Every structure is written in structure tokens, then in C-alpha cells.
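>>> sequence first, then the predicted structure:
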Amino acid sequence: MLIPNGSSFNRFTRNGQVPQYENMKLKIIVLFILASFIYVIFNIGDWKEKRTLFWDKSGYYAYLPATFIYDDIGRLGFLDSLNPKYRFTGDYNDYGIYEQPTGKRLNKYHVGIAVFQLPFFMIGHAYTLWEGSYPADGYSPYYMLLICLSTAFWSAMGFWVLGNFLRRYFNELPTIITLLLLAFGTNIYFYSSFDTGMSHPYSFFLMACVLQLTDQWYRTGKRSSVVLLGLVFGLLFLIRPVNILCLLIPLLWQTDQEKIGTRWQFFWKQKTGLLLAIVAGLAVSLLQLSYWKFVSGHWLKYSYEGEGFDFLSPHIMDGLFSYRKGWFVYTPLALIAFLGFFFIPKKYYKVVPALLFTLLLAIYIVFSWSQWYYGGSYGCRAMIEFLSLLSFPLAALIAFIIGQRWLVKMIASVVLVLVLSLSFWQTYQFYLGVIPWDYVTKEYYWSVFFKTAYNEQDKALLMPEGR
């Protein structure tokens, strides 16, 4: 149950630092989240059964064995020879790979995930060579285990960064509750433990870094903060270019009734740091640009052939409320978090434009994608990274509830426990295949709501493509 804890909002010590005992509490919570993810990874054991790197995930990861084992970054021919054994893309040997006029083949997936997976890959490769039980081919069990651990680690690091950001505004209790709700009450739980290797937990970490560094930059004016921010945006480009829309956050941060000229005066004073940030971001982006140049002959290359955005016909209502992949259906905590915008204290209103405008723009862009349901996924996976932005209004809502009478706290606690329970249950159903990867209808959803297995009568309720 939510319990009182004095003031739930901003409470630094005199020197502006968070008390040391709260640092320890945050570390314990983040370690608990990481341990929970790792427990699931070992418990389900997909890495032992060669079921970790498949479809999109195999494309993200392919750069590592291509570079360090096969010396085949230009053709990726080893994927064709290994696919019959590991079945990363079923019967499609060239899934996500396109022939180029240069004679090379282009991997449509960006290189950013491989950058974050690199240290874990090297550990897996070294251990496989040393232990000798499995072939050092880049895809045997120890490689897959380390990729699973990589996802869990970077996701947990996102919660660590997010916790440090939130503690600047909220007391420890709403901060801790917010982190636990996001970790286990949303589909980031599924993609950090059950289905590892996708891009979203990594992007979640980077989005948290954007919040932390932006806030730090505006508070201190330190050049190092904005330079690191440039590096983060470069990494966001390497993973998923559309996510650089969160540039709105540093542009609009701490916006209130001040004149626009005041904001530009701040930027002008920070011009050296901003220039270095741009250079840092471009330097990181050069990794992707160089790959495109090497394979296609062009510095800029649109790699998602046959896919794109239709900004005139976005599927916003489907993306938010449909039983097929609705964000608020499979992640109702996101809707609760949005309600938190109404409970942000007046003294923190200055952060609302940056967060709200970025989230609304993200919803518009994400659901303008030609395949707005994003293929096989549990819920709306494309919005996972933006949960970091929702942490602020969610923490504000929790802080508000903590200050209310016991009846309000009791009702809120029941609602949040139900949301957590729903998340655990639907995650389990998806893992069992009761909630399929696509084609869910309202009729099917409610028919299997309490089931751990579906029957033919249930299956007939799916969209025609899934029957």
C-alpha cells in the first residue's frame, strides 16, 4: 500500500545532494530489477535452445559476428549458411538484406544495438573459445546468453539513470514506486527478460540519459553535460533514427513564461558546448554513415525498402486503443501515467511542454508508420523507449496520492496492484502463445482472457490472417 512519507516532492540537502542512504536504496531497487530480469532469462532458458536471435534481432546483432568472426561485413554470407541450423529467419535466408549495385548486401537494421552488445559479445566469444563445449560461430548458447544479459543490463541502467533524474524532483518513495511500476507493469519487462535483443530497452536507456543530461545541463550550465547529450543523440541515431525527435526535450526544457529571446541567449552562451555536442553526435553517427557508404556507395541510404511513413493517415486510435496492439490496452499504466500530467505541481510546470509535446509527436510519428502494429510483438513495442518520459507525470501522480487520505491511497493501491497483475498475466499469456504475436480481435481477447491455452473456437475469432 502507498504510505505517507512526509513531503513527496523536491527535497535535496543544503548542498544540493541526495542523502547517501537514498543512493543506497536506489541501487538496491535497480539491482532487484536487474536480478529479476536475469532470473527470468535463466528460468525460461531460451538461450540454451537457440531461440534468442531471430528475425529483427538477428539483423541488429549480425554486425558483430560479421566483423569479428567471419570478416564478411559486405555480404553477410555466413547468415545463409547458418540459418538452416539456427533458424533465425525461418526459410528467409535474405530477410532484411538487400542486394546493392556495388555487389555488396545491405543490412537494413542499424548498427547501434551491436555497439551496446559488443562488450557482452566479446565475453561470450572468449568464454566459448575457452570452455570449448560449443562452436565459436557467434550463435551458440553462450553468445545468446550474453546477448540476453546485455539487454537486461542496459534496461536496468536505464532505470538507474531515470531514478537519479526523478530524485531531483521527488522524494524516494514516489521515485521507487515509479521505477517498479515501469519495470514490471509495462512491456519493458517482457522485452528485458522474455524476448531480449530488440532495440527498445537500449533506447529506453538512452531516453533516460536525455532527461538526466538535459536537466543537469540546465541546472549547472556545464559544457560536459551538453557534449554528452550530443553523444547520446548520436547513439539514438545509430539505433533508431526516429527517436532523435526527443531533441525537443533540450530545446523546450524548463519553458515557462520567459521570452523566447531568453532561451536563445542561454543557447548563445553555450555555443561552444553546443558546437562540441554537434561534433560529438556527428562523430558517433559516422559509424552508420560509413557502413552505408561501404555497402551502397552512398553516405545516406534509406534501408527500409518498401516501408515508410504515411503522415496523412496515421493510425493513432488503433495504436492506442485497438485489441490488436493498442498501447493503452496492453500497457494501461501508460494511460495512468498520462493522467499524471494533471497532478504535476505548479512549480514543475516548466518541464511539461518538453515532455508532453515530445510524447504527442512520438505517438503521431510512431503510428504513422506503414506497419503501425510493428509486426510480431507484445503490445506496442515501439513506444517502450518513451516510457522514460512518462516517468515524470507518473511520479507526480504517485507523489500526489501519497499525500492523500488513507481511503484514496487504498483505492490507488488496489488499482496499481491490478495493473501490475494484468501486466504479469498478459506477459505470461503472450509467452505461452495464448496472446498471439498479431491478429488479436476484441472477441478473441476476451475469450482467452483467463486462459493458459486457446482452442479452435478461440482461434476462429482472430483476424483472418491469423486463423
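Good, I have the coordinates.
>>> only C-alpha atoms from now on, for both contacts and neighbour counts.
Noted.
>>> need the strands for the chain, in chain order.
Counting by DSSP state E, one finds strands in the chain at the ranges 97-99, 105-107.
>>> tabulate those strands (CSV), appending mean neighbour count.
Formatted as CSV, those follow (neighbours: other CA atoms under 10 Å):
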stretch, mean neighbour count
strand 97-99, 17
strand 105-107, 23
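>>> quickly, which of those bottoms out on average pLDDT?
Note on the strands of the chain: strand 97-99 shows the lowest mean pLDDT, a mean of 90.
>>> need the strands of the chain in a markdown table with distance to Phe190, can you?
Compiled in a markdown table, the strands of the chain are given as follows (distance: least, CA to CA, whole Å):
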| stretch | distance to Phe190 |
| --- | --- |
| strand 97-99 | 27 |
| strand 105-107 | 26 |
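>>> wait, which of those is closest to Gly163?
strand 105-107 (35.5 Å; CA to CA).
>>> could you list the low-pLDDT ranges of this structure?
Applying pLDDT under 70 to the chain flags the ranges 1-22, 50, 256-261, 466-467.
>>> what do you get if the cut-off is 50, keeping everything else the same?
1-6, 11-16 (pLDDT under 50).
>>> and stretch 391-399, which residues are buried?
Ser391, Phe392, Pro393, Leu394, Ala395, Ala396, Leu397, Ile398, Ala399 (16 or more other CA atoms under 10 Å).
>>> which residues touch the residue lying closest to Gly375 once chain neighbours are set aside?
Using CA to CA, 6 or more residues apart in numbering and skipping the chain neighbours, the partner closest in space to Gly375 is Asp438 (7.0 Å). When the contact criterion is CA atoms under 8 Å, 6 or more residues apart in numbering, the partners of Asp438 are Arg324, Lys325, Gly375, Gly376, Ser377, Gly466.
>>> would you turn the residues you listed into JSON lines with distance to Tyr39 and neighbour count?
Formatted as JSON lines, the contacts of Asp438 follow (distance: CA to CA, whole Å; neighbours: other CA atoms under 10 Å):
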{"residue": "Arg324", "distance to Tyr39": "29", "neighbour count": "27"}
{"residue": "Lys325", "distance to Tyr39": "27", "neighbour count": "28"}
{"residue": "Gly375", "distance to Tyr39": "27", "neighbour count": "13"}
{"residue": "Gly376", "distance to Tyr39": "24", "neighbour count": "14"}
{"residue": "Ser377", "distance to Tyr39": "22", "neighbour count": "17"}
{"residue": "Gly466", "distance to Tyr39": "32", "neighbour count": "13"}
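>>> now, which of those residues lie within helices?
The members of the contacts of Asp438 all map outside helices under DSSP state H.
>>> distance to His125 added to those residues, as JSON lines?
Listed next are the contacts of Asp438 as JSON lines, based on distance: CA to CA, whole Å:
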{"residue": "Arg324", "distance to His125": "39"}
{"residue": "Lys325", "distance to His125": "37"}
{"residue": "Gly375", "distance to His125": "31"}
{"residue": "Gly376", "distance to His125": "29"}
{"residue": "Ser377", "distance to His125": "29"}
{"residue": "Gly466", "distance to His125": "39"}
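>>> hmm, back to that, for Leu162, find the nearest of the strands of the chain.
Going by CA to CA, the one of those nearest Leu162 is strand 105-107, 32.2 Å.
>>> neighbouring strands for the closest one, and are they parallel or not?
Sheet pairing for strand 105-107, assigned by DSSP bridges, gives strand 97-99 (antiparallel).
>>> what is the nearest of the contacts of Asp438 to Pro101?
Gly375 (28.8 Å).
>>> what's the closest non-adjacent residue to Gly234?
Closest to Gly234 by CA to CA, 6+ apart is Gly281, at 4.1 Å.
>>> tell me how many other residues crowd the one you found.
The burial count assigned to Gly281 is 22, neighbours taken as other CA atoms under 10 Å.
>>> list the contacts for it?
Gly281 neighbours (CA under 8 Å, 6+ apart): Gly230, Leu231, Val232, Phe233, Gly234, Leu235.
>>> one more time with 6 Å, if that's ok
Gly230, Leu231, Gly234 (CA atoms under 6 Å, 6 or more residues apart in numbering).
>>> do Ile113 as well
So Ile113 contacts Tyr60, Ile239 (CA under 6 Å, 6+ apart).
>>> can we see that at 10 Å?
57, 59-61, 63-64, 150-151, 197-200, 202-203, 235-236, 238-240 (CA atoms under 10 Å, 6 or more residues apart in numbering).
>>> shouldn't Leu339 be in contact with Pro393?
Yes. In this structure, Leu339 is within contact of Pro393 by CA atoms under 10 Å, at 7.5 Å.
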